[in-house]
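Visitor: generate coordinates for the sequence data below:
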Amino acid sequence: MILTPLDILYITLSIFAWIIWTLLAVVLFKVIKILWPIEEMVWYYNTFKSYISTYKQIPLIVKEYVFDFIENIKNKSWNKKVDD
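Guide: Modelled structure (predicted):
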């Protein structure tokens with residue numbers, strides 16, 4: 001069997017493609033290995049940030065509760081005065 005120049009080019013291309021894909025896979029695995037701790041730190045940061053934003057809303061919730069309570073007391077006292 002005689003190899004034509006086109007067959008040699010196909011063989012060379014397939015060998016070169018295997019080498020490139022293998023090296024690319026190795027590089028991608030190393031990048032994933034490097035980025036995994038960074039992704040985990042970002043996840044912890046976002047979780048902590050959401051907790052802080054939730055705790056930041058507590059004074060507003062307490063304020064609304066106090067104003068509603070005072071409003072209810074005013075309404076009850078007003079209703080007693082009107083009923084009397």
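
Visitor: rest of the way, CA atoms for contacts and neighbours
Guide: Noted.

Visitor: tell me which other helices or strands the longest helix along the chain touches.
Guide: Criterion DSSP state H: the longest helix present in the chain is helix 5-56. Judged by 3 or more Cα pairs under 8 Å, 6 or more residues apart in numbering; DSSP states H and E, helix 5-56 has no packing partners among the helices and strands.

Visitor: run the chain-centre distance for that helix.
Guide: Helix 5-56 sits 18 Å away from the centroid of its parent chain (Cα atoms, centre = their mean, to the nearest Å).

Visitor: rounded mean pLDDT for the first helix or strand past that helix going along the chain, please.
Guide: Sequence-wise, the next helix or strand downstream of helix 5-56 (DSSP states H and E) is helix 58-83. Over the span of helix 58-83, the pLDDT mean works out to 80.

Visitor: same question for stretch 13-21.
Guide: On average, stretch 13-21 scores 96.

Visitor: list of residues touching stretch 55-65?
Guide: Stretch 55-65 is contacted by no other residue when judged by Cα atoms under 8 Å, 6 or more residues apart in numbering.

Visitor: look at the residue most central in space within the chain and report its pLDDT.
Guide: Closest to where the C-alpha atoms of the chain average out (Cα atoms, centre = their mean) is residue 43, at 6.2 Å. Note on residue 43: pLDDT of 95.

Visitor: likewise for residue 32?
Guide: 93.

Visitor: quick one: contacts for it?
Guide: For residue 32, the contact set (Cα under 8 Å, 6+ apart) is empty.
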